[in-house]
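only geometry, no sequence info:
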Ligand SMILES: [Zn+2]
């Protein structure tokens, strides 16, 4: 009985020590949209280089399928695959919602579309912290009863410098006292679409974004935020070269689109809902239509995409090979667009960057590539809060996390061990 009491006391103290010494930092999560992992090799990027030397980088991370802006950003924010959080495309159809509320586009803010996942700014608020978001898909919607403490309607015209000044004030100014901030930039995505990933314009935009990062780093230094704030810089997807003129798959060549489909999307993939009774016919026609397009029935979508178990994933999914575009007819060719994303997330061209720096991030470290869904539990760990159920793991990121609340990564373990030994000695003496 006495021994049991001692064991209980030891376990309690171990738990208490672990809790007291856990990380409780501020976190700033930044997305530079469409920043393909190898863009960094295209130009001189002294600020990214310094950021990496002071912190940790991965050559790339593995994002989610489909590799589109809204789904991938929501996977970063929630730690969930797209089939789990329900933002399965930038344009969607939900068969359970009444007309005309059954379609989603990038302006849709109704809660029911977003409630399938719990974004990090909501988890922070549920845990008693304050969160603020300078643009992120979902941040304009009340989700699971919460909004960020501060958020704005999306406005691309706001300068990047103003966004940075604002976010730094949130983290440093007592009047805001924000624990978690998210910050979004729509470049280099916009330039990648317009000119293609191998263009000089993208190379110049990478230099611009390096300067944006440099500006942020100087503002962080002036505000003395590096002692308190861990900063993550990542992106949603990469970019590949396309050419509508020579690499398009025109569905109207193989099927009467208007007569056979009630909902469909176009681009690197197509989500298709057919007219009742025509699913087999559409599947059969499209399955042998084009050597650069595969069509799947929902049940046969490959498991590795984690893109199946959601009612918004429609009965048929067509996926184009890299660089090919599914269109509805010649009027759909957009010859001014030279780059696209949305393809298979296993393609190297679809993978984004990852950098992290701060008081709890190892310096001068290169991490093995991990999954974008691991970022959500990583941020929860850095904030010292309990994550909602998610598809990520800390196993891949704990190699570069430092719990230096007492100056040592191994403090929690060693202190607990020491206390255990002490109690064993006391126990044996009596
Ligand atoms: Zn994007």
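Sure, I can see it. No experiment lies behind these values; they were computed from the predicted model shown.

how close does the closest residue in space to residue 230 that isn't next to it in sequence sit to the ion?
Nearest residue to residue 230, sequence neighbours excluded (Cβ to Cβ, 6 or more residues apart in numbering): residue 358, at 3.1 Å. Placement of C-beta: from N, CA and C, glycine included. Applying Cβ to the ion, to the nearest Å, the value for residue 358 to the ion is 25 Å.

again with residue 147
From residue 147 over to the ion the distance is 23 Å, taken as Cβ to the ion.

what residues does the stretch 1-150 of the chain put near the ion?
33, 34, 69 (Cβ under 5 Å from the ion).

got the contact list for the nearest residue to the first one once chain neighbours are set aside?
Nearest non-adjacent residue to residue 33, counting by Cβ to Cβ, 6+ apart: residue 189, 3.7 Å away. Residues counted as contacts of residue 189 (Cβ atoms under 8 Å, 6 or more residues apart in numbering) are 33, 34, 35, 69, 239.

a markdown table please, covering the residues you listed and showing pLDDT and secondary structure.
Output for the contacts of residue 189, formatted as a markdown table (pLDDT from 0 to 100; DSSP: H, G, I helix; E, B strand; the rest coil):
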| residue | pLDDT | secondary structure |
| --- | --- | --- |
| 33 | 98 | coil |
| 34 | 98 | coil |
| 35 | 98 | coil |
| 69 | 98 | helix |
| 239 | 98 | coil |
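
Show me which of the residues you listed is closest to the ion.
residue 69 (3.1 Å; Cβ to the ion).

Residue 60 versus the nearest residue to residue 93 once chain neighbours are set aside, what's the distance?
In space, and not counting its chain neighbours, residue 93 is closest to residue 263: 4.2 Å by Cβ to Cβ, 6+ apart. Distance of residue 263 to residue 60, computed by Cβ to Cβ, to the nearest Å: 33 Å.

try residue 384
Residue 384 sits 28 Å away from residue 60, going by Cβ to Cβ.

now residue 148
Relative to residue 60, residue 148 is positioned 28 Å away (Cβ to Cβ).

okay, the two: which has more neighbours?
Ranked by neighbour count (other Cβ atoms under 10 Å), residue 148 and residue 60 place residue 148 first, with 26 against 20.

does that one really touch residue 134, like I thought?
No - with contact defined as Cβ atoms under 8 Å, residue 148 does not reach residue 134; the gap is 9.6 Å.

residues bridging contact with these two, i.e. touching both?
Common neighbours of residue 148 and residue 134 (Cβ under 8 Å, 6+ apart) are residue 182.

any chance you could map the helices in the stretch 151-300 of the chain?
160-172, 189-195, 200-222, 257-260, 279-287 (DSSP state H, counting those that start in this stretch).

quick one, what contacts the residue nearest to residue 308 when sequence neighbours are not counted?
Spatial nearest neighbour of residue 308, excluding adjacent residues (Cβ to Cβ, 6+ apart): residue 301 at 4.7 Å. The contact partners of residue 301, by Cβ under 8 Å, 6+ apart, come to 307, 308, 313, 317.

Same question for residue 368.
Contacts of residue 368 by Cβ under 8 Å, 6+ apart are 58, 396, 399.

Could you single out the nearest of these to residue 291?
residue 58 (34.5 Å; Cβ to Cβ).

residues near the closest one, how many?
Residue 58, neighbours per other Cβ under 10 Å, totals 24.

what does residue 238 give?
Residues near residue 238, counting by other Cβ under 10 Å: 28.

you'd agree it is up against residue 345?
No - using Cβ under 8 Å, residue 238 is not in contact with residue 345, being 9.6 Å away.

Make sure residue 390 is indeed in a helix.
No - according to DSSP: H, G, I helix; E, B strand; the rest coil, residue 390 belongs to no helix; its state is coil.

Now it: closest residue in space that isn't a chain neighbour?
For residue 390, the closest residue by Cβ to Cβ, 6+ apart turns out to be residue 79, at 3.1 Å.

Same question for residue 31.
residue 184 (5.0 Å).

Okay, the one you found and the ion: tell me how far apart.
10 Å.

Just list the residues touching that residue, thanks.
30, 31, 33, 73, 134, 135, 136, 163.
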